[in-house]
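A.B. asks: compute the structure for the input listed below.
(2 chains)
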Amino acid sequence: MIDIINREIKKFLSSIERDEEEINLVINKSSTSILDDLNKGHLTTNICMVAASLFKLNPKDLANSLKNQLDNLNLFENIDVAGPGFINISVSRKDFVSIIKLINDKKNSFGASNIGNKKKIQIEFVSANPTGPLHVGHGRGAAYGDAIGRILESTGSIVEKEYYVNDAGRQIDILTASVILKLIKNDIGEYFPQNAYKGKYVEEISKKLDQKIDIDEFKKLNNSFSDDPEEEIDEVINNLQELNSDSWNTIKSFSLRKIVSSIEDDLKLFNVNFDKWFYESSLGVIENTSSDIASAVNKLKKNGHAYEKDKAIWLNTEISGDDKHRVLIRDNGKATYFASDVAYHKNKVDRGFDQLINIWGADHHGYIKRIEASLECLGTSKNKLIVKLVQFANILKGGKKVKMSTRSGEFYTLKNLIDDIGSDAARFYYLSKQADQHLDFDLDLAKSDSKENIFYYIQYAHARIISLEDKANQNSSNFKKAITSIESGDYLKCDKLIHEITKYPHIINKAALSLQPHIIIYYLRDLSQLFHSFYNDNHVLSEKKENVDSILICLSAVKQVISNGLNVLGISPMQKM
RNA sequence: GCGCCUGUAGCUCAGCUGGAUAGAGCAACUGCCUUCUAAGCAGUGGGUCAGGAGUUCGAAUCUCUUCAGGCGCGCCA
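C.D. replies: Down below sits the predicted model:
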């Protein structure tokens, strides 16, 4: 219906003799949409006001001529010119209620579209260092990345979800050292460097190690190290590596494997599944000229964006407005983390994605410009990459912030959260606020049984409809599959609900285009609120037979929309509460 | 100092590619369960959209500026 109106608007605009460019501008700046308030009609367009301001015409005059043109189509029930120049349109009753049948026919696929045009999109998210369990901060990135993946997929994009495993850096050496120190703790008097990982999981990994690994050499660990915590941990790492490099490597890869698989397990519990786990180490080392990392750096050197200064290799990142040049290869010959990341992004581009989406913690925002610069330097538009920042989440328990630092070892993990309130509620609350804004995640609220707990409020609507259907089936099983009394206009009390479910596909499209899952949550709350209100005002099963038939079919569409909305967020609708 | 995010009701937040009277929930106060799930519904009160200036027929929304809060500014990862 909106398409028809838009076509007429185009015709209308061409009739006022303006060049095509101007007309397109008007079309882009205006919008034809579903009216918020059903009392005003079903659809609305602000086109006349936009055109009036651009063409210096009177908006009401424009609106009246457009109204006449639309009237002549004989398609609509009623057309009003309202306020400063809105055109509000009411469609026929038959068209208005047709959405019910459409939803019940399309079922799970209602709301799906092809606006994504089969674009190949890669989303990289979570990508937490594999040095410990995921904490609640990572959970937000996981929920967000996975949700936009689902939304984009349902709107016709081809999505690949990827986790980048930082397995090549110093952090893994610290982890390895931590595990070894736990192994030999009885021989070295419980010595433990300040900067080593102290969490319980470290000891658990050490206990799972194969007994046959030779650890005797490690017991000869020096007994004095630097007072500086950073230097201390490096000295310990070097010392351990020298004592037995074979065992070191074995323990290192074992620890990494254990951590990655526990991260994977936690994410599965959270209903997040990655298509690919990409290891930083697979980019190779700079010394190997055929490695990804060497070829990326060489390409940058060749095309003049990278240069040598003070024995280091620098990249000129000013192309994207970065404020200083960045080091790729240190003066000691080792590649920086940035160099790996440049190579990684080159690798992604080479894999042929149309769009890359990175979801990063907000503390990485300073990093965006240099990565964009590296893409430009490698001959790829920086527009190929979208970086979405996820702000921190504070977890509140009893009104107090819950700590989450990895080093100290004591922290509230994502797993703890899932055990506490369940994966669905956790995902829901993570998604309930725009990702790039601070979130206070109140655990007491997530468990509470009031209307303030929107998660249950929405689930309750879904469960109530199912329960109503069950009751109806017990009473009598021969329901007509027809909405006769709603269509005829005999029964009007579902109209607000019908109007609301009409909006759903637009909501999904909006969420997809803006990468904002929270839009769906607020929509579902509004829909649920309309349902609860309807449910309280009307005792469905005591209505006369034709009405009951109609209402049940309508509510089944409402149920379907709630279910689709939750599913696209990775949340399972509840059948019973 | 520079950069990014934020400031909307007492509290937690929607609304932001400019559009109709700025919305929810909580908290406060009133009502509604011998009938389909009260984790529900209906109602009342509550606003300098942080302050100021500008652009516009029209600004919570765009621009500039001030103030306040969070985060980031390594040859760390």
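A.B. asks: can you pull out the low-pLDDT segments for chain A?
C.D. replies: For chain A, the stretches with pLDDT under 70 are A:17, A:403-410, A:477-478.
A.B. asks: isn't A:I237 right next to A:L175, touching?
C.D. replies: No - applying CB atoms under 8 Å, one finds A:I237 not in contact with A:L175, separated by 10.2 Å. C-beta coordinates here come from the backbone N, C-alpha and C atoms, glycine included.
A.B. asks: who's more crowded, those two?
C.D. replies: Of the pair A:I237 and A:L175, A:L175 is the one with more neighbours under other CB atoms under 10 Å, namely 25 against 20.
A.B. asks: residues contacting the strand or helix carrying that one, please?
C.D. replies: Using DSSP states H and E, A:L175 sits in helix A:170-183. Outside helix A:170-183, the residues that touch it by CB atoms under 8 Å, 6 or more residues apart in numbering are A:129-132, A:166, A:188, A:191-193, A:195-198, A:202-203, A:205-206, A:209, A:215, A:218, A:233-234, A:236-237, A:240, A:248, A:251-252, A:255-256, A:259.
A.B. asks: ok, of those, which come out buried?
C.D. replies: A:129-132, A:166, A:188, A:192-193, A:195-198, A:202-203, A:205-206, A:209, A:215, A:218, A:233-234, A:236-237, A:240, A:248, A:251-252, A:255-256, A:259 (16 or more other CB atoms under 10 Å).
A.B. asks: what's the burial count for A:A296?
C.D. replies: 28.
A.B. asks: skipping its backbone neighbours, what lies nearest it in space?
C.D. replies: A:A343 (4.0 Å; CB to CB, 6 or more residues apart in numbering).
A.B. asks: the one you found reaches A:K299, doesn't it?
C.D. replies: No - the pair A:A343 / A:K299 is not scored as a contact, 9.9 Å apart, by CB under 8 Å.
A.B. asks: thought A:S33 was touching A:L43?
C.D. replies: Yes - at 7.1 Å, A:S33 and A:L43 qualify as touching, with contact defined as CB under 8 Å.
A.B. asks: looking at the contacts of helix A:170-183, which are in strands?
C.D. replies: Among the contacts of helix A:170-183, none falls in strands (DSSP state E).
A.B. asks: of the residues you listed, list those near RNA strand B.
C.D. replies: Restricting the contacts of helix A:170-183 to those touching RNA strand B (CB under 7 Å from any atom of the strand) yields A:129, A:166.
A.B. asks: count the residues that sit near the residue of the stretch 151-300 of chain A found nearest RNA strand B.
C.D. replies: As assessed by CB to the nearest atom of the strand, RNA strand B sits closest to A:G169 within the stretch 151-300 of chain A, at 2.2 Å. If you count neighbours by other CB under 10 Å, A:G169 ends up with 15.
A.B. asks: that older thread, kindly export the helix holding A:L175 (C-alpha atoms) in CSV.
C.D. replies: This file holds the C-alpha atoms of helix A:170-183, laid out as CSV (Å, rounded to 0.1, in the frame of the first residue of the first chain):
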residue,chain,number,x,y,z
ARG,A,170,52.3,-11.5,25.3
GLN,A,171,49.0,-12.1,27.1
ILE,A,172,49.1,-15.8,26.3
ASP,A,173,52.6,-16.0,27.6
ILE,A,174,51.4,-14.5,30.8
LEU,A,175,48.7,-17.1,30.9
THR,A,176,51.1,-19.9,30.3
ALA,A,177,53.5,-18.7,33.0
SER,A,178,50.5,-18.4,35.4
VAL,A,179,49.6,-22.0,34.7
ILE,A,180,53.1,-23.3,35.1
LEU,A,181,53.6,-21.4,38.4
LYS,A,182,50.4,-23.1,39.7
LEU,A,183,51.9,-26.4,38.7
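A.B. asks: in it, what's buried?
C.D. replies: A:171-183.
A.B. asks: what would those residues look like in JSON lines with distance to RNA strand B?
C.D. replies: JSON lines is the format used below for the buried residues of helix A:170-183 (distance: CB to the nearest atom of the strand, whole Å):
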{"residue": "A:Q171", "distance to RNA strand B": "5"}
{"residue": "A:I172", "distance to RNA strand B": "8"}
{"residue": "A:D173", "distance to RNA strand B": "9"}
{"residue": "A:I174", "distance to RNA strand B": "10"}
{"residue": "A:L175", "distance to RNA strand B": "11"}
{"residue": "A:T176", "distance to RNA strand B": "14"}
{"residue": "A:A177", "distance to RNA strand B": "15"}
{"residue": "A:S178", "distance to RNA strand B": "15"}
{"residue": "A:V179", "distance to RNA strand B": "18"}
{"residue": "A:I180", "distance to RNA strand B": "20"}
{"residue": "A:L181", "distance to RNA strand B": "20"}
{"residue": "A:K182", "distance to RNA strand B": "22"}
{"residue": "A:L183", "distance to RNA strand B": "24"}
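A.B. asks: which one of these sits closest to A:E372?
C.D. replies: A:Q171 (25.1 Å; CB to CB).
A.B. asks: now do the SS call for A:I359.
C.D. replies: Recorded secondary structure, A:I359: strand (DSSP: H, G, I helix; E, B strand; the rest coil).
A.B. asks: list the beta-bridge partners for A:N358.
C.D. replies: A:E124, A:V387 (DSSP bridges).
A.B. asks: can you pull the contacts of it?
C.D. replies: If you count contacts by CB under 8 Å, 6+ apart, then A:N358 has A:123-125, A:371, A:385-388 around it.
A.B. asks: what subset of the residues you listed is buried?
C.D. replies: Buried among these by 16+ other CB under 10 Å: A:123-125, A:371, A:385, A:387-388.
A.B. asks: save these as JSON lines, and put in distance to A:F479 too.
C.D. replies: Shown next, in JSON lines, are these (distance: CB to CB, whole Å):
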{"residue": "A:I123", "distance to A:F479": "43"}
{"residue": "A:E124", "distance to A:F479": "49"}
{"residue": "A:F125", "distance to A:F479": "45"}
{"residue": "A:I371", "distance to A:F479": "58"}
{"residue": "A:L385", "distance to A:F479": "53"}
{"residue": "A:V387", "distance to A:F479": "51"}
{"residue": "A:K388", "distance to A:F479": "46"}
